[in-house]
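Colleague: Predicted model follows, preceded by the sequence.
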2 protein chains.
Amino acid sequence: MVSAAFAKEQGYEIVALTVDYNQRHKIELQSANQIANKIGVIEHITLPLDLSKFGGSALTDDIDVPKTGVANDIPVTYVPARNLIFLSLTLGLAEARGARDIFIGVNALDYSGYPDCRPEFIQGFERLADLATKAGDQGSGFTICAPLQHMTKSDIVKEAQRLDIDPALSWSCYDPVEGNVHCGLCDSCRLRQKGFEEAGIADPTVYAVRT
Amino acid sequence: MVSAAFAKEQGYEIVALTVDYNQRHKIELQSANQIANKIGVIEHITLPLDLSKFGGSALTDDIDVPKTGVANDIPVTYVPARNLIFLSLTLGLAEARGARDIFIGVNALDYSGYPDCRPEFIQGFERLADLATKAGDQGSGFTICAPLQHMTKSDIVKEAQRLDIDPALSWSCYDPVEGNVHCGLCDSCRLRQKGFEEAGIADPTVYAVRT
């Protein structure tokens, strides 16, 4: 949400891609629609891609989402190669539309240690994008923009306020209660709450439990 | 087909992935099923992924498939970022299954100039795979095997014969006539015919037109 609003502020026309990967927190698809409408995009594609056929993650498989606090290792909510799959799809869409700048909202500070949020990964993808495509081969290369990469969650909450977008539009929780309430206990809910607290900005999110 | 049979000969257990990307030549999905059954795989996933939502290619969009002969530039049958998308999905599946060797049948000699068939692209992907994944991050890296990369189509036909797999099982045509006959005129049909001719092996393919 914040990276899309940031791109809009920079003057970009936005083609938005949302992947319905059969995630446990399907509610985020509704959230993505609301955000796309609010920010104003020229096209928004929701692409079904059933990664539960691969499994291997608490987000797509019958594995419990950890609720005891953010640990130091890569958690079971990691979805194998997910951000690479997302970026590859976005690259294909960008090339088909004649776009050359790809925005992704990954964050490498207050996060869960996912390898595919690291700056080295994003830089590596940018290099590969030009080898992988006709546009890149013909000298019209791609840029991967990750404006939230080096921000804390607190910075991101403040940036949302500066950009005047309602933080209640965004969805974080991996394991919603009754399908549409933030659980408050998963890593993503914990980092969200921490972000609002540290920013000193009121958190409009409804959590089943506050930590 | 040939790279899967080659992997099998090398002693690998095979998890096969076929992508139903709403390609014009959907008949290749049947072909993939027959090949997987014939070679013997432990799992075969056919994954729907509607790349016609992106368009920008004669294989997924309402653009004519060229029929006048293989040219020197990248043709309109190029699907934006397709092999990167395919490899990324395969990487996710491989990581979820605990596999570390990924086979892909790309070819860089008798081909249509697609950027995502080049050795530099395959090598770049192999490097990125380790940055993109938990397994790679933890030191258990991936290998991308492209055994047909430096073969001519003629070599590939001979390799199929050596491996004792029926070449009639494979599908090449981009624009099948009546849905299930090789057109004989698209680049892929032309390269297929050339391969059999140069190998001196009888071509069992039924073409609507022979060039």
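Modeller: Done, it's in.
Colleague: Just the helices from chain A, written as ranges.
Modeller: Under the criterion DSSP state H, chain A contains helices at A:2-9, A:27-39, A:82-97, A:119-132, A:134-137, A:153-162, A:187-199.
Colleague: which strands and helices sit next to the second one?
Modeller: Here helix A:27-39 touches helix A:2-9, strand A:15-20, strand A:43-48, going by 3 or more C-beta pairs under 8 Å, 6 or more residues apart in numbering or on different chains; DSSP states H and E. Yep, even glycine has a C-beta here, placed from its N, CA and C like the rest.
Colleague: mind running it again at 6 Å?
Modeller: Counting contacts by 3 or more C-beta pairs under 6 Å, 6 or more residues apart in numbering or on different chains; DSSP states H and E, helix A:27-39 is packed against helix A:2-9, strand A:15-20.
Colleague: before we move on, the earlier item: dump the helices of chain A to TSV, plus mean neighbour count.
Modeller: As requested, the helices of chain A are exported to TSV (neighbours: other C-beta atoms under 10 Å in any protein chain shown):
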stretch	mean neighbour count
helix A:2-9	20
helix A:27-39	17
helix A:82-97	24
helix A:119-132	21
helix A:134-137	22
helix A:153-162	19
helix A:187-199	20
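Colleague: quick one, what contacts the residue positioned nearest the centre of chain A?
Modeller: By C-alpha atoms, centre = their mean, the mean C-alpha position of chain A lies nearest to A:G105, the distance being 5.0 Å. Applying C-beta atoms under 6 Å, 6 or more residues apart in numbering or on different chains, we find A:G105 in contact with A:3, A:148.
Colleague: if you set the cut-off to 10 Å instead, what comes out?
Modeller: With contact taken as C-beta atoms under 10 Å, 6 or more residues apart in numbering or on different chains, A:G105 is in contact with A:1-4, A:6, A:117, A:146-149, A:156, A:170.
Colleague: Could you dump the helices of chain A into CSV with distance to B:G113 added?
Modeller: CSV is the format used below for the helices of chain A (distance: least, C-beta to C-beta, whole Å):
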stretch, distance to B:G113
helix A:2-9, 33
helix A:27-39, 36
helix A:82-97, 16
helix A:119-132, 14
helix A:134-137, 9
helix A:153-162, 43
helix A:187-199, 44
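Colleague: Save those as CSV, and put in mean pLDDT and distance to B:A160 too.
Modeller: Shown next, in CSV, are these (pLDDT from 0 to 100; distance: least, C-beta to C-beta, whole Å):
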stretch, mean pLDDT, distance to B:A160
helix A:2-9, 98, 48
helix A:27-39, 97, 44
helix A:82-97, 98, 30
helix A:119-132, 97, 28
helix A:134-137, 95, 29
helix A:153-162, 96, 54
helix A:187-199, 96, 49
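Colleague: Looking at the helices and strands packed on helix A:27-39, spot the one closest to chain B.
Modeller: strand A:15-20 (9.0 Å; C-beta to the nearest C-beta).
Colleague: residues in contact with the closest one?
Modeller: Contacts of strand A:15-20 (C-beta under 10 Å, 6+ apart): A:4, A:7, A:26, A:28-29, A:31-33, A:35-36, A:39, A:41-51, A:82, A:85-86, A:89-90, A:92-94, A:96-99, A:102-103, B:49, B:53-54.
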